[in-house]
Every structure is written in C-alpha cells, then in structure tokens.
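# Quick one, what's the 3D model for this:
(one chain, ligands or ions: 1)
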Amino acid sequence: MGHQFILVLDFGGQYNQLIARRVRECGVYCEVHPYDTSLEKLKALNPVGIIFTGGPNSVYDKESPQCPKGIFELGVPVLGICYGNQLMAKELGGVVKAGENREYGRTETQFDTSCALFDGLEKSSVTWMSHTDLIAKLPEGFSISAKSANCPVAAIQNAQRNFYGVQFHPEVNHTQNGTKMLHNFLYKVCGCAGDWTMGNYAKNTIEQLRTHIGDGKVLLGLSGGVDSSVTAALLSQAVGRNLTCIFVDHGLMRKNEGDEIEEVFSKRDINFVRVNASKRFLDKLSGVSDPERKRKIIGEEFIRVFEEEALKIGKVDFLAQGTIYPDVIESGTGKAAVIKSHHNVGGLPENVRFKEIVEPLRLLFKDEVRTLGAELDLPDFLIWRQPFPGPGLAIRIIGDITFDKLELLRDADAIFRDEIAKAGLVRDINQYFAVLTDMRSVGVMGDGRTYDFTIALRGVATTDFMTADWARIPYDLLARISERIVNEVRNVNRVVYDITSKPPATIEWE
Ligand code: XMP
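Residues are numbered from 1 along each chain as shown. Down below sits the predicted model:
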C-alpha cells in the first residue's frame with residue numbers, strides 16, 4: 001500500500017468510526033477490523049500502532065469480546081480506549097471492578113504531561129467519560145497518567161512497552177484536547193510520518209485502477225451525488241474512454257441539476273450518456289400518492305432504464321460503485337456489512353453481465369471523498385452537494401405528481417437555496433429543501449381572493465441524518481424567502497417553516 005497503517009480493533013463501541021476518522025485527519029492511514037480478527041491477519045497488516053476501541057460490555061462478562069492472544073507480544077504500540085483500556089489492563093494482569101455509578105459526560109481531568117500521550121497539553125482540561133467499570137489495580141509496569149474526581153485511574157501508561165490507555169473518549173469533540181492526544185500517540189509513540197494525503201491517494205489509486213482494469217470496459221451509474229461523481233472523476237483519469245457513465249435523468253431533480261451534471265461530465269474524456277427518461281417516470285407515477293409506492297416505482301424504473309442503456313453499450317467488464325468506508329465497516333460485534341445499491345434507489349442490475357465490481361472509494365470517509373473530489377477538480381456544487389434522496393422531488397411532493405407541480409416545487413426550492421447561499425449558510429445547514437404540500441388555503445393578493453398551494457420549508461442540523469434538529473434559520477432570512485416564493489412562484493400563496501426535529505418527524509416529508 002505504500003503508507004503506514006494504524007489498526008483500529010473494534011470492540012463494538014459507538015464511536016469507532018470516529019476514531020478512524022480522527023486518525024486519518026491526523027494524516028495517518030487506518031482501518032477498522034473486528035476484535036476477533038486472527039493474530040496472523042493482524043500481523044500481515046503490519047500496523048505501526050493498534051487502537052482498542054470502547055464497547056458496551058464489561059470485561060468480565062462471559063460473552064465480552066476479547067483481544068487476539070499474543071497481540072501484546074507483537075512489539076507494536078497499543079492505545080486502549082474505555083473498554084479497550086480496561087481489557088488491556090485485565091489482560092496484562094490488572095484488575096477491573098464494577099463501578100457503583102456510571103460516570104457519564106464532561107469531566108474535568110488532570111493529566112501528567114510528562115506522559116507522551118499528554119505531551120504539550122494543559123495540566124487540566126475536560127474529557128468525555130462514559131463508563132461504569134474502573135481499573136482497581138494496575139498491571140505490572142504501568143503507572144497512572146490522568147485522574148478525575150470520580151475516576152482515580154483515568155489514564156495509564158507503560159512507556160517502556162508503548163502501551164497506553166484512557167478511560168475517556170479522546171475521539172469525541174467534547175474531549176477538549178482529544179485530537180492532540182491521538183496525534184501524540186501516532187507521532188510520538190508510534191513514530192508515524194503522516195504519509196496519508198489525498199494527493200497521494202488519488203495518484204496511487206488512479207495508477208492501481210489503470211493496471212487492474214487494463215483495456216476492460218467500466219460502467220458506472222452516475223447520480224450526480226458526491227460519491228458517484230467522485231468515482232466517475234477518479235475512473236475518468238484512470239481509464240478515460242473505457243469508462244461509460246450512465247446518468248438516468250428521471251426528471252425529479254432540482255432546478256437545472258440535470259444540465260449542471262451533464263455540463264461537468266460531458267467535458268471529461270469519457271463516454272457520458274444522459275438518458276432523459278422524465279416522461280417515462282411521470283407516466284408510471286401518474287395518479288400515485290402513496291410514498292412507498294412512489295419509491296418502489298422509481299427504484300424499479302431506474303433499474304430498467306439503466307439496464308436498457310447498459311445493454312446498448314455492449315460488453316461490460318467492470319461495474320463501478322461509489323461505496324464508501326462507512327458502508328463497508330463491519331462492526332466488531334458482528335453486524336453484517338451493508339452493500340450500497342447504486343443511486344440508493346434500485347439494486348444491482350440483474351440483466352447486465354459483468355466480471356467484477358470496482359469500488360474505488362471503499363476505503364474513504366465522506367469528508368475524504370470530498371477532499372478527493374477537490375483534488376480531481378470537481379466543482380464545489382458537486383463536492384458539497386447535500387444528500388438528495390434517490391426518488392428526488394417525488395417524495396417532496398405530497399400526493400400525486402404532475403409536471404406542473406414539479407416545476408412549481410423546483411422554482412420554490414431554487415429560491416430557498418439561492419437565499420441560503422446569499423446568506424453564506426450553505427455549509428451551516430446540513431440539509432434544506434422545499435416541500436410542496438397538497439394543502440390549499442385561502443389568501444388575498446392584490447384585490448383578489450386566491451386559493452393556492454402551501455410550500456413548506458425544511459432545514460435541519462444533523463451530523464448523521466439519523467437524528468436531526470430543525471435549523472434556526474434567522475427570521476429575516478425566512479421572511480425574505482417567503483416573500484420571494486409567493487411573489488415569484490405561481491399558485492403559491494402561503495409558506496410555512498417546519499419546526500419539528502427527528503424524531504418524532506423524519507427529515508423528508510414522505
Ligand atoms: P429521513 O426522511 O428518513 O431521511 O429522515 C434521512 C436522510 O435520508 C435521505 N433519504 C433518502 N435517500 N433514498 C435516498 O437515497 C430515499 O428513498 C431516501 N429517503 C430519505 C434524506 O434526504 C435524509 O438525508
């Protein structure tokens with residue numbers, strides 16, 4: 001692989017991906033592997049350091065995950081976090097005991113700054129704790145390097161063997177100097193050089209793809225989302241005209257989006273096929289109001305159109321997908337890996353024959369995919385595109401879908417986005433869009449009575465899209481957006497702002 005490797009051994013904690021992201025942000029490559037990976041495999045990965053994650057168990061539980069035997073004899077530095085810390089202590093001869101109370105949340109913690117992990121830090125700062133068990137007796141050769149009021153053993157070290165453990169979570173933002181601690185472990189303990197950069201990754205991956213694919217033909221379903229766009233950009237540099245991108249325009253995109261995507265990719269030296277299937281989708285959706293039926297119809301139709309186009313191009317050797325690392329990480333506690341279907345709406349095409357799937361973003365986190373996109377000269381609007389559901393505006397029009405309603409929604413949504421952009425809030429609101437409700441109400445415009453549609457605006461603050469809070473968009477800005485929408489969009493006389501969080505609501509309205 002040509003770069004140093006940090007192994008994150010996963011014991012099922014909820015922040016495991018975050019640990020891996022932080023390590024990579026520090027410029028060091030790492031991967032998450034389940035706790036029961038064999039010692040042989042671990043050795044073969046040749047890590048320069050190992051991080052044990054947290055986990056929900058107690059180390060003495062019968063079923064609790066254990067680490068591979070012999071891992072402490074590899075001569076590789078280890079950092080244990082929370083459960084990982086307790087496990088290391090127990091395995092090396094210490095004693096862990098059940099605490100009486102759970103210690104949870106922000107905790108003022110005192111550090112021994114002569115410990116490599118805390119080098120250069122303030123003597124006291126806030127850490128994020130979430131544990132019940134405590135280390136009651138240190139293993140031989142270890143000393144205490146941090147403590148808090150309720151946790152006399154908040155961190156331990158055996159500098160001679162390069163073993164370090166922390167009871168708190170350095171990976172979460174609430175731990176004030178957490179990233180600095182991880183940085184210290186990587187650079188001061190493991191001797192990392194910081195050789196993980198997107199520039200290098202792009203160069204090496206393009207080279208590898210070129211060698212692997214050779215003269216083979218590659219097919220990619222391009223949705224215009226971040227992942228498929230970056231996959232296309234990467235493959236275009238690797239194999240050029242041997243790549244065919246099929247962009248199924250289902251007519252449910254936002255204003256001008258189809259043209260913008262075409263503009264970007266038709267300029268690259270690849271085969272770019274835009275299928276204008278809007279009429280086909282609208283016909284199938286005619287009179288359908290049920291959200292799940294809409295989704296199903298769109299998913300199936302998408303696959304059909306994609307297959308038809310794919311069959312036209314003839315031989316396909318490789319099917320490319322924009323799968324990213326969070327989609328493939330297997331949890332240490334045995335949850336199966338999820339395979340992402342292209343475009344998020346269909347599945348794999350059944351009627352297109354290919355030899356192999358290529359997933360060049362498989363090792364990357366979302367933020368790395370964005371950095372890579374910039375490296376490959378993709379425009380900002382694609383790199384920073386917010387999540388857009390596969391079924392598109394169909395699930396933002398409540399009730400049945402018509403071309404006129406789509407146009408109306410596109411116009412309202414474009415005004416919303418334009419004003420957010422002018423206010424400089426594009427990256428501050430994680431997802432925002434307009435919804436066309438199927439409600440009409442009475443209004444007055446000029447001297448006349450109107451009976452027109454209500455547009456709902458939705459803006460959310462979220463990190464994982466699993467939970468979300470409604471975004472506090474300034475009133476003045478909302479006022480401007482509302483004014484413009486009722487003035488500029490025909491058949492709309494009322495604008496409302498959605499102030500529900502998720503749960504209990506979802507982000508989309510359907
Ligand atoms: P909900 O509405 O479930 O949305 O809170 C969570 C996130 O998922 C997106 N979303 C979808 N994405 N196909 C997709 O590819 C879908 O059918 C779909 N439904 C919701 C939504 O935009 C939000 O970011």
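# would you list every one of the helices in the stretch 1-150 of the chain?
Counting by DSSP state H, counting those that start in this stretch, residue ranges of the helices within the stretch 1-150 of the chain are 16-25, 39-45, 83-91.
# ok, and which of those has the densest surroundings?
helix 83-91 (a mean of 25; mean count of other C-beta atoms under 10 Å). C-betas here are computed from N, CA, C, even on glycine.
# by how many degrees do that one and helix 16-25 diverge?
Here helix 83-91 points in a direction 100 degrees away from that of helix 16-25 (axes from the mean of the first three to the mean of the last three C-alpha atoms, to 10 degrees).
# Packing partners of helix 83-91?
Here helix 83-91 touches strand 49-52, strand 78-81, strand 95-97, strand 134-137, strand 155-158, strand 163-166, going by 3 or more C-beta pairs under 8 Å, 6 or more residues apart in numbering; DSSP states H and E.
# Same list, those, but as a markdown table with mean pLDDT, distance to D413 and mean neighbour count please.
Listed next are those as a markdown table, based on pLDDT from 0 to 100; distance: least, C-beta to C-beta, whole Å; neighbours: other C-beta atoms under 10 Å:
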| stretch | mean pLDDT | distance to D413 | mean neighbour count |
| --- | --- | --- | --- |
| strand 49-52 | 98 | 43 | 28 |
| strand 78-81 | 98 | 43 | 28 |
| strand 95-97 | 94 | 54 | 16 |
| strand 134-137 | 94 | 53 | 18 |
| strand 155-158 | 98 | 50 | 25 |
| strand 163-166 | 98 | 46 | 28 |
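# Could you export the ones you listed as CSV, including distance to the ligand?
What follows is the helices and strands packed on helix 83-91, written out as CSV (distance: least, C-beta to the nearest ligand atom, whole Å):
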stretch, distance to the ligand
strand 49-52, 30
strand 78-81, 29
strand 95-97, 39
strand 134-137, 38
strand 155-158, 38
strand 163-166, 33
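# Export these to CSV and append columns for distance to G446.
Listed next are the helices and strands packed on helix 83-91 as CSV, based on distance: least, C-beta to C-beta, whole Å:
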stretch, distance to G446
strand 49-52, 67
strand 78-81, 65
strand 95-97, 75
strand 134-137, 73
strand 155-158, 71
strand 163-166, 67
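# between those strands, which gets nearest to I313?
Nearest to I313 among the helices and strands packed on helix 83-91 is strand 49-52 (45.2 Å), distances taken as C-beta to C-beta.
# End to end on stretch 145-159, go ahead and measure it.
11 Å (C-alpha to C-alpha, to the nearest Å).
# any residues touching it, and which ones?
Residues outside stretch 145-159 that contact it (C-beta atoms under 8 Å, 6 or more residues apart in numbering): 85, 89, 92, 101, 103, 107-112, 115-118, 127, 129, 131, 134-135, 138-139, 141-144, 163-168.
# From those, list the buried ones, please.
When neighbours are counted using 16 or more other C-beta atoms under 10 Å, the contacts of stretch 145-159 contain these buried positions: 85, 89, 92, 103, 107, 109-111, 115-118, 127, 129, 131, 134-135, 138-139, 142, 163-168.
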